[in-house]
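1. this one's structure only:
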């Protein structure tokens, strides 16, 4: 996906409602204006704060050409400032600081575009910015906000004449990722299938024009196969997952001498390991996990490296080797605590590590890890009932083992949350809804009945 930016000497209007620390500002040449209440100056500009009602009035009464010019200027500045994901779809995790400084502006542009869509011509660069904003929010665990941006990006694609297939595919790719993490597996599969369809269609259009696809073109299709393989694995459609893994890996191997694809290869290796591990082919899975971990650490992106350690450790726990599982999961916890902080993924690694320590009879350590996980999950922007119920249930088991009378209260709280989830409308969209309903009828209160509440993709 090519980066697009505009160069324009015009100084226009920064538009948008207040989000976080963002302020509405006029940027005007200093030699033409003299106002005493300016708040900052930069590159021969003064910035003046104005009341939101005044700003709204200015926008409503602005001539279409002036509004379009201001909108174009805002998008140009934002594209230059907000990090853009690489064409190989590498994470933005190394640029989170810059993303955090500009994400409120992305949300503001989204709000203004929605309010003035009938007056504005929306370019593809807006979709790019919305995608990048959604990726950042998704990576940070802000699923609702990320979903808001990516669904709006999808709407904007429909408003753009001849919107490129590659851009539509990028929207579907990250919409599928967010849907996966929200547990909406059926919808995620549909997104990933459409993503692959668009990317295949793009390569076919090149062929019809007599043009050879570039490495980037084909690697983006490989990434689509990789996404689809991951979600199919979660649904235990192992044969189809394997097929898509093979398609992805074969493309990457074809281009391996043309670029540094180690990070992308690690995704295919770990995907293959996940498929084998879920089928209890422990030895084969371990070889693929080790192959992924053999790639130099500096070439990994920290959140993805932590995911490999987490999945490998989880497999070893299921295999019944808690000592090795503890080492692997401790690596995952260390990376996620340092890189992600308060995040769903940090909490799930703490939870799984606690299970290891319980099996090893180290109940105090298990209790403390679960309490730490629950502290994270109680963060306002994270409060996911399924994850909270699961960790509360596990903590109640540990406290019961310790003879702590708080165990019963926690067990009741966990069961109440689980009942609310099962009776909610959203559960019908989750892949595990039938299993949840069956277990509810049987009044099961075991670990598996709570594991079903949490998406693992």
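-> Received, thanks. This one's a predicted model, so the numbers in the text were calculated from it and none came from an experiment.

2. count of residues packed around residue 375?
-> Using other C-beta atoms under 10 Å, the number of residues around residue 375 comes to 12. Bear in mind the C-beta positions are built from the backbone N, C-alpha and C, glycine included.

3. could you give the mean pLDDT of the helix or strand containing it?
-> Under the criterion of DSSP states H and E, residue 375 resides in helix 363-377. In this model, helix 363-377 carries a mean pLDDT of 96.

4. tell me which other helices or strands that helix touches.
-> helix 344-359, helix 385-402 (3 or more C-beta pairs under 8 Å, 6 or more residues apart in numbering; DSSP states H and E).

5. buried residues in that helix?
-> Across helix 363-377, burial judged by 16 or more other C-beta atoms under 10 Å covers 363, 365, 366, 367, 369, 370, 372, 373, 374, 376, 377.

6. what is the nearest of the residues you listed to residue 212?
-> Lowest distance from residue 212 to the buried residues of helix 363-377 (C-beta to C-beta) belongs to residue 376, with 48.5 Å.

7. so what's the closest one up against?
-> Listed by C-beta atoms under 8 Å, 6 or more residues apart in numbering, the contact set of residue 376 reads 342, 343, 346, 347, 350, 382.

8. any idea how far residue 93 is from the third one?
-> Residue 346 sits 14 Å away from residue 93 when distances are taken as C-beta to C-beta, to the nearest Å.

9. more neighbours: which of these two?
-> residue 346 (25 against 17).

10. how near is the more buried one to residue 382?
-> Distance, residue 346 to residue 382, by C-beta to C-beta: 10 Å.

11. please name the nearest non-neighbouring residue to the residue nearest in space to the middle of the chain.
-> In the chain, the centroid-proximal residue (C-alpha atoms, centre = their mean) is residue 138; its distance is 2.9 Å. Residue nearest to residue 138 in three dimensions, not counting chain neighbours: residue 146, with 4.2 Å by C-beta to C-beta, 6 or more residues apart in numbering.

12. buried stuff in the one helix or strand the one you found maps to?
-> Here residue 146 sits within helix 143-159, counting by DSSP H and E. The neighbour-count check on helix 143-159 (16+ other C-beta under 10 Å) flags 143, 145, 146, 147, 148, 149, 150, 152, 153, 154, 156, 157 as buried.

13. pLDDT below threshold where in this structure?
-> Within the chain, the ranges that satisfy pLDDT under 70 run 1-62, 425-444, 456-457.

14. which SSE is immediately downstream of the top helix by length along it?
-> Among the segments of the chain that qualify as a helix by DSSP state H, the longest is helix 185-208. Following helix 185-208 in sequence order, the next helix or strand is helix 215-234 (DSSP H and E).

15. that next one to helix 185-208, inter-axis angle?
-> Interaxial angle, helix 215-234 versus helix 185-208 (axes from the mean of the first three to the mean of the last three C-alpha atoms, to 10 degrees): 150 degrees.

16. use 32 as the first number from now on
-> With 32 as the first residue, the last one maps to helix 246-265.

17. counting contacts, what elements does helix 246-265 pack onto?
-> helix 196-212, helix 216-239, helix 269-285, helix 293-309.

18. burial of the nearest residue to residue 95 once chain neighbours are set aside, as a residue count?
-> Excluding its sequence neighbours, the residue lying closest to residue 95 (C-beta to C-beta, 6+ apart) is residue 150, at 5.5 Å. Here the number of neighbours of residue 150 (other C-beta under 10 Å) works out to 14.

19. what sits against residue 150?
-> 95, 98, 99 are the contacts of residue 150 under C-beta under 8 Å, 6+ apart.

20. who wins for neighbours among those residues?
-> Using other C-beta under 10 Å as the neighbour test, the contacts of residue 150 are led by residue 98, with 21 neighbours.

21. pretty sure that one belongs to a helix, no?
-> Yes: residue state for residue 98 (DSSP: H, G, I helix; E, B strand; the rest coil) corresponds to a helix.

22. I'd say it and residue 147 touch.
-> Yes: if you go by C-beta atoms under 8 Å, residue 98 and residue 147 touch, sitting 6.6 Å apart.

23. ok so, going back, looking at the helices and strands packed on helix 394-408, which one is packed in the most?
-> Of all the helices and strands packed on helix 394-408, helix 375-390 carries the top mean neighbour count, a mean of 24, counting by mean count of other C-beta atoms under 10 Å.

24. which strands or helices does that one pack on?
-> Under the contact criterion of 3+ C-beta pairs under 8 Å, 6+ apart, helix 375-390 touches helix 333-350, helix 353-370, helix 394-408, helix 416-433.

25. can you add distance to residue 234 and give these back as a markdown table?
-> Output for these, formatted as a markdown table (distance: least, C-beta to C-beta, whole Å):
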| stretch | distance to residue 234 |
| --- | --- |
| helix 333-350 | 26 |
| helix 353-370 | 35 |
| helix 394-408 | 42 |
| helix 416-433 | 39 |
